[in-house]
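Peer 1: Below are the sequence and a predicted model for it; my questions follow.
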Amino acid sequence: MITPVILLSKDNMTVLREQDVVPFRNRVKEYAIKIRMGLVNQTKLITAASELARNMLKYANGGIVSIETIARGRESGIRLTFKDEGPGIADVNLALKDGFSTGKSLGLGLPGARRLASEFEINSEIGKGTKVMIIKWANG
Amino acid sequence: MAIQITKIFKKKKASILERWMQNQLAHVGLREDLISNDDLRADSSELIVTLLDTLNEKNLDDPDSSDFDPVVELLNSLSLSRARQGFSPRETGLFIIGLKEVLIGVLQEEIIDHKELADLSLKVHRLLDNFSISTFEAYIKGREEVILRQTDEIAEISTPVIRVWDGILALPIIGTLDSARTQVIMETLLTEIVESGSSIAILDISGVPTVDSLVAQHLLKTVSATRLMGAECIISGIRPEIAQTIVHLGIDLATIITKSTLASALQHAFKSLRLEVRQQRIDSVLSRVKPQ
Ligand SMILES: Nc1ncnc2c1ncn2[C@@H]1O[C@H](COP(=O)(O)OP(=O)(O)OP(=O)(O)O)[C@@H](O)[C@H]1O
Ligand SMILES: [Mg+2]
């Protein structure tokens, strides 16, 4: 049987400019501290969040992130959903490969975020936008 | 016959300015420390003249009309300069709100018909409220400029290059490493390498809260630039949680010398310059202390 995920609290934040990234990261940190996430997991979550927020800025002119505290059974965690209305990603599997970048960058953001998070989901549609969801469990 | 509102205002122009000035001068929040009465009068008078020049019976109904561009421009520039001078939003907003009160007051004296008065007052309210809003927008823009300037200043003072030893530079980085900041750091570091003839630079990132791929890329760039100058670059202050995160992220720092603390980076630097730091031998210390 699958244990259901319960939503405990929710907050939305827009990331439209470079200057929005640091306040956004700080907000994620506050949420992580509230559920007593350890320092290592906190750092992993914040770094993944930073990557995804930056992608939204760089490739889609920004978007909205929802920050949620969730629980599943005895575990609590943070769920972040990044939504943008940018150009979308043509080949998601390719974009998830280490080193793939259309922006002359390291190409580590998406694959790195996937490794840093406990759970990772991406949906993208050309011309419509991209949605990335990650969960980090407090002890996961 | 419809009442000609512009005629009323033009006829009363001098009295409007006087009343508005009186209100402003009597106000407890008057910032005589920031603006002289003469300047205030000049600003006020210029605004009234510009407003009455553009206002006519047609555009009174249309606050968004481009006819009012000169008024909005003037208000925006006043508001911007007040934001920079340190006026509070309340003080800045009261300027235009005060004018509205005077104009409504004039209408009340001049128009007898209640319905007409209510109707025209509403229009004047709408128009001047619109001006108030653009005043606030300009004020906020002015404050944002102040903040941006301060950010630049902070970026500059927060990247000191320290000559820790002959030939060794240390650069403690505190805060977020964005592109602009990296540019400043790189420039100061490279200049200092040349000026001091140093051959080793230590970048300490203990004060950097998050190392994501962007920060890593900036660090890598700084290291390559340092190498091109013929100097070696060590990155120190990598906290355990950051180390684990970097590995998962997939960033390869294998080609760079990294140390967990500034002290161990310094030790490494001493070694490669073939310098030695030793504790003094006890007996030689004692022989100096002991009275002969
Ligand atoms: N939100 C998005 N909208 C559109 N395209 C995206 C989005 N996010 C990522 N991509 C595409 O996926 C590619 C891979 O993203 P990833 O974050 O892995 O690398 P990068 O941003 O290019 O480099 P890095 O993040 O390492 O600096 C990007 O180059 C871009 O083409
Ligand atoms: Mg990226």
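Peer 2: Looks like it came in fine. Since the model is a prediction, treat every value here as computed from it, not as a measurement. Ligands and ions are numbered 1, 2, ... in the order given.
Peer 1: tell me the SS of B:A216?
Peer 2: helix (DSSP: H, G, I helix; E, B strand; the rest coil).
Peer 1: show me what contacts the residue nearest to it when sequence neighbours are not counted?
Peer 2: Computed as Cβ to Cβ, 6 or more residues apart in numbering or on different chains, the closest residue to B:A216 that is not its neighbour in sequence is B:I251, at 4.5 Å. Every residue, glycine included, has its C-beta placed from N, CA and C. By Cβ atoms under 8 Å, 6 or more residues apart in numbering or on different chains, the contact set of B:I251 is A:L106, A:L108, A:G112, B:V211, B:S213, B:A216.
Peer 1: And B:Q280, by the same measure?
Peer 2: B:Q280 touches nothing, counting by Cβ under 8 Å, 6+ apart.
Peer 1: likewise B:I16?
Peer 2: Taking Cβ under 8 Å, 6+ apart, one finds B:F9, B:I48, B:L99, B:V102, B:L103, B:V106 in contact with B:I16.
Peer 1: before we move on, what about A:G99?
Peer 2: Listed by Cβ under 8 Å, 6+ apart, the contact set of A:G99 reads A:L106, A:G107, A:L108.
Peer 1: possible to save these as CSV with pLDDT and secondary structure?
Peer 2: As requested, the contacts of A:G99 are arranged in CSV below (pLDDT from 0 to 100; DSSP: H, G, I helix; E, B strand; the rest coil):
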residue, pLDDT, secondary structure
A:L106, 90, coil
A:G107, 93, coil
A:L108, 94, coil
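Peer 1: lowest-pLDDT helix or strand in the chain?
Peer 2: No chain specified, so I'll use chain A. Ranked by mean pLDDT, DSSP states H and E, the weakest helix or strand in chain A is strand A:5-15, scoring a mean of 92.
Peer 1: Does ligand 2 have contacts with the next helix or strand after that one?
Peer 2: Downstream of strand A:5-15, the first helix or strand assigned by DSSP states H and E is helix A:21-34. No. Remark: helix A:21-34 sits outside contact range of ligand 2, by Cβ under 5 Å from the ion, the gap being at least 12.0 Å.
Peer 1: how many degrees apart are helix A:21-34 and strand A:5-15 in direction?
Peer 2: Interaxial angle, helix A:21-34 versus strand A:5-15 (axes from the mean of the first three to the mean of the last three Cα atoms, to 10 degrees): 160 degrees.
Peer 1: List the buried residues of helix A:21-34.
Peer 2: By 16 or more other Cβ atoms under 10 Å in any protein chain shown, the buried positions in helix A:21-34 come out as A:V21, A:V22, A:F24, A:R25, A:V28, A:K29, A:Y31, A:A32.
Peer 1: count of neighbours near the closest residue to A:N61 other than its chain neighbours?
Peer 2: Nearest residue to A:N61 in three dimensions, chain neighbours excluded: A:G86, at 6.4 Å (Cβ to Cβ, 6+ apart). Counted with other Cβ atoms under 10 Å in any protein chain shown, residues neighbouring A:G86 total 20.
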